[in-house]
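1. Got a predicted structure plus its sequence, pasted below:
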Amino acid sequence: MTSTSLPTILTGDRTTGPLHLGHYIGSLRARVALQHEARQFLLLADTQALTDNVGRHQRVTANVIEVALDYLAVGIDPAKSTICIQSQVPELAELSQYLLNLVTVARLERNPTIKEEIRLRGFERDIPAGFLTYPVSQAADITAFKATHVPVGDDQLPMIEQTNELVRRFNHTVEREVLVECAPVLSAVPRLPGIDGKAKMSKSLGNAIALGATPDEIAQAVKDMYTDPGHLRVSDPGKVEGNVVFAFLDAFEPDVQKVDALKAHYRRGGLGDSVVKQVLNERLQALLEPIRTRRREREADRGEVLEVLRRGTLRAREVAGQTLSEVKRAMGLTYFEH
């Protein structure tokens, strides 16, 4: 298969903090596999992170290299995947400007993902314009690289739908096929809960396990995990549903029969939470130790990490620039071409 016949993948992360196990199970693990069978672009979305981090820009920019370190630590190969910084690809901002003319404020406000994010942040009607137009920025990211597939969680499906709406609207407006539609790639693993069991895993909520967590931090997080509040004695039957420890075992323990046996024992009683947590702790320690080691090795030479980002960003600009040229030509914005 030639490189031109490979599917193109676009994915990325907002640079508001180092990545955690929720990111790993949700998409990072898949990205490592996809880089061998697709043309993959990984976008460090610092510009989008700034839309709701006014006054905290230093945290956003400082975390660009932290997220890059996480990518490299889990096995992303910069020779096979293009890692780039969103703010350093100005073609994305210009394409966003053109796409903004093809969508109404009312349509943006109806986007279920944006509505939920606005509710979570308590913006009400005091919404930063940059945040409201987040779907258009994301559409520009996807279409600039002509991504055919985008790994997302099910909560991001409205963003893909809106991207494809904009693609169809643009192509119809210029009466030619310039931009391409994309398909979502959903994870087969349900969203990982936070260790408190009350919300999705998030660093800001203090319920996450970072990919670079120390052995002691991992052990403490597992110890603090929400289980079954009704499982007061070892002999009591316990509930597996809603039990964070078992949710993590489902996600990270490859021995399905082992997990099924633990669940059966827990349900009938006679299996203590501490025993199950010890099984999980051992599994997470084994999973994260090599990631932590590789991250530490890369961290020792941040200059090389920045060089990886520079090369990837230059490569991304070439691809996005080609798409932007096609867009401008289709719109007639080529005043000085002969």
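-> Nice, thanks for sending it over. Numbering: from 1, shown residues only.
2. neighbours of Ala286, just the number please.
-> Look at Ala286: counted by other Cβ atoms under 10 Å, it has 10 neighbours. Yep, even glycine has a C-beta here, placed from its N, CA and C like the rest.
3. Next SSE downstream of whichever strand or helix holds it?
-> Counting by DSSP states H and E, the element that carries Ala286 is helix 273-299. Where DSSP H and E defines the elements, the next helix or strand beyond helix 273-299 is helix 302-331.
4. what's the following helix or strand after the one helix or strand in the chain whose mean pLDDT sits lowest?
-> Ranking every helix and strand in the chain by mean pLDDT, DSSP states H and E puts helix 112-121 at the bottom, with a mean of 84. Heading C-terminal from helix 112-121, the first helix or strand you meet, by DSSP H and E, is helix 129-132.
5. What helices and strands are in contact with that next one?
-> helix 105-110, helix 112-121 (3 or more Cβ pairs under 8 Å, 6 or more residues apart in numbering; DSSP states H and E).
6. which one of those helices lies closest to Leu284?
-> helix 112-121 (27.7 Å; Cβ to Cβ).
7. Could you pull out the buried residues of the least confident helix or strand of the chain?
-> Within helix 112-121, the residues scored as buried using 16 or more other Cβ atoms under 10 Å are 113-114, 117-118.
8. how much space between Gly254 and Pro90?
-> If you look again at residue 254, you'll see it is Pro, not Gly. 44 Å (Cβ to Cβ, to the nearest Å).
9. These two: which has the busier surroundings?
-> Pro90 (13 against 7).
10. quick one: the more buried one from Ala251, how far?
-> 38 Å.
11. Spatially nearest residue to Val180 (excluding sequence neighbours)?
-> Lys146 (5.0 Å; Cβ to Cβ, 6 or more residues apart in numbering).
12. wait, doesn't the one you found sit right on Glu181?
-> No - look at Lys146 against Glu181 with Cβ atoms under 8 Å: they stay out of range, at 10.0 Å.
13. rewinding a little: I'd like the buried residues of helix 112-121 as a markdown table, with distance to Glu299 appended.
-> Below are these laid out as a markdown table (distance: Cβ to Cβ, whole Å):
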| residue | distance to Glu299 |
| --- | --- |
| Thr113 | 33 |
| Ile114 | 35 |
| Glu117 | 31 |
| Ile118 | 36 |
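14. which one of those is nearest Ala264?
-> Comparing these against Ala264 with Cβ to Cβ places Thr113 closest, at 38.1 Å.
15. just checking, the closest one touches Pro158?
-> Yes - the criterion here is Cβ under 8 Å, and Thr113 meets it with Pro158 at 4.7 Å.
16. Show me which residues of the strand or helix carrying Ala264 are buried.
-> Here Ala264, judged by DSSP H and E, is contained in helix 256-268. Residues 259, 262-263, 266 are the ones in helix 256-268 that count as buried (16+ other Cβ under 10 Å).
17. cool, and stretch 98-108?
-> For stretch 98-108, the buried set under the neighbour-count rule, 16+ other Cβ under 10 Å, comprises 98-99, 102-103, 108.
18. what's the span of that stretch from first residue to last?
-> 15 Å (Cα to Cα, to the nearest Å).
19. Sketch out the low-pLDDT regions of the stretch 151-300 of the chain for me.
-> The stretch 151-300 of the chain contains residues with pLDDT under 70 at 190.
20. cutoff 80 now
-> 153, 187-191, 198-200, 202-205 (pLDDT under 80).
21. can you give me the strands for it?
-> 183-186 (DSSP state E, counting those that start in this stretch).
22. and of the helices and strands packed on helix 129-132, who's closest to Arg311?
-> By Cβ to Cβ (comparing all of the helices and strands packed on helix 129-132), the closest turns out to be helix 112-121, at 32.2 Å.
23. tell me what that closest one is packed against?
-> Using 3+ Cβ pairs under 8 Å, 6+ apart, helix 112-121 is in contact with helix 129-132, helix 134-144, helix 157-174.
24. closest to Thr323 out of these?
-> Closest to Thr323 of the helices and strands packed on helix 112-121 is helix 134-144 (Cβ to Cβ; 5.0 Å).
25. Not counting its own residues, what contacts the closest one?
-> Helix 134-144 is contacted by residues 10, 12, 43, 45, 47-48, 51, 86, 89, 91-93, 95-96, 99-100, 103, 108, 111, 113-114, 117, 130, 150, 158-159, 162-163, 166-167, 179-180, 182, 319-320, 323-324 when judged by Cβ atoms under 8 Å, 6 or more residues apart in numbering.
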